[in-house]
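Asker: heads up, no residue letters with this:
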């Protein structure tokens, strides 16, 4: 598979993963671009020990985690906070609210649910994150419960 094919196949999925992690479209695009730079630079070293998608999502997850480490070094007052607190009235605002809720989860949970939303198999998520498949199942269930609770609270 050529880099161009990989990019076309995975760009939207990687962007959504990043968006779920940082809840900022411009920042998510930057992280996705950094992910594909790393993919391009390391494609010749890919050994087919996992699927190309698993490999790419692992790179994207690592990029997201690096961004959080950088963010922790910046004083909170220096960060922009443009999150709007509004009642979701349509699919677009529901999606925005979902990304906001996901961004409030602990780091690993953000990546797990973002990968789940991309319909990755739980075995792949386990390989990317480095935890057991059973642990992935339990965490996904708990994350979905948290998100459902947030949505229910927001509607009322």
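Answerer: Arrived safely. This one's a predicted model, so the numbers in the text were calculated from it and none came from an experiment. Numbers count the residues shown, from 1 in each chain.
Asker: Could you say which helix or strand holds residue 6?
Answerer: For residue 6, the host element (DSSP states H and E) is helix 3-22.
Asker: For the most centrally placed residue in the chain, which non-adjacent residue is closest in space?
Answerer: In the chain, the C-alpha nearest the mean C-alpha coordinate belongs to residue 17, at 2.8 Å (C-alpha atoms, centre = their mean). Of all residues not flanking residue 17 in the chain, residue 114 sits nearest, at 4.5 Å (C-beta to C-beta, 6 or more residues apart in numbering). Where you see a C-beta, it was placed from the backbone N, CA and C, and this is true even at glycine.
Asker: in the worst-scoring helix or strand of the chain on mean pLDDT, what's buried?
Answerer: Lowest mean confidence among the helices and strands of the chain (mean pLDDT, DSSP states H and E): helix 91-103, at a mean of 78. Neighbour-count burial for helix 91-103, counted by 16 or more other C-beta atoms under 10 Å, picks out 96-102.
Asker: again with stretch 114-125
Answerer: Applying 16+ other C-beta under 10 Å to stretch 114-125 flags 114-116, 118, 120, 122, 124-125 as buried.
Asker: Show me the helices in this protein, by range?
Answerer: Counting by DSSP state H, the chain has helices at residues 3-22, 25-42, 52-73, 91-103, 107-117, 122-129, 133-155.
Asker: what's the least confident stretch among those helices?
Answerer: Lowest mean pLDDT within the helices of the chain: helix 91-103, a mean of 78.
Asker: hang on, the earlier thing: closest one to residue 8 out of the buried residues of stretch 114-125, please.
Answerer: Proximity of these to residue 8 (C-beta to C-beta) peaks at residue 118, which lies at 15.7 Å.
Asker: How about the contacts made by the residue lying closest to the closest one once chain neighbours are set aside?
Answerer: Among residues not flanking residue 118 along the chain, residue 13 sits closest, at 4.9 Å (C-beta to C-beta, 6+ apart). Applying C-beta atoms under 8 Å, 6 or more residues apart in numbering to residue 13 gives the contacts 53, 57, 118.
Asker: For burial, what's the neighbour tally of residue 106?
Answerer: Residue 106 has 10 neighbouring residues, counting by other C-beta atoms under 10 Å.
Asker: Actually, residue 58.
Answerer: Residues contacting residue 58 under the criterion other C-beta under 10 Å number 19.
Asker: Can you give me the separation between it and residue 105?
Answerer: As for residue 58, its distance to residue 105 is 19 Å (criterion: C-beta to C-beta, to the nearest Å).
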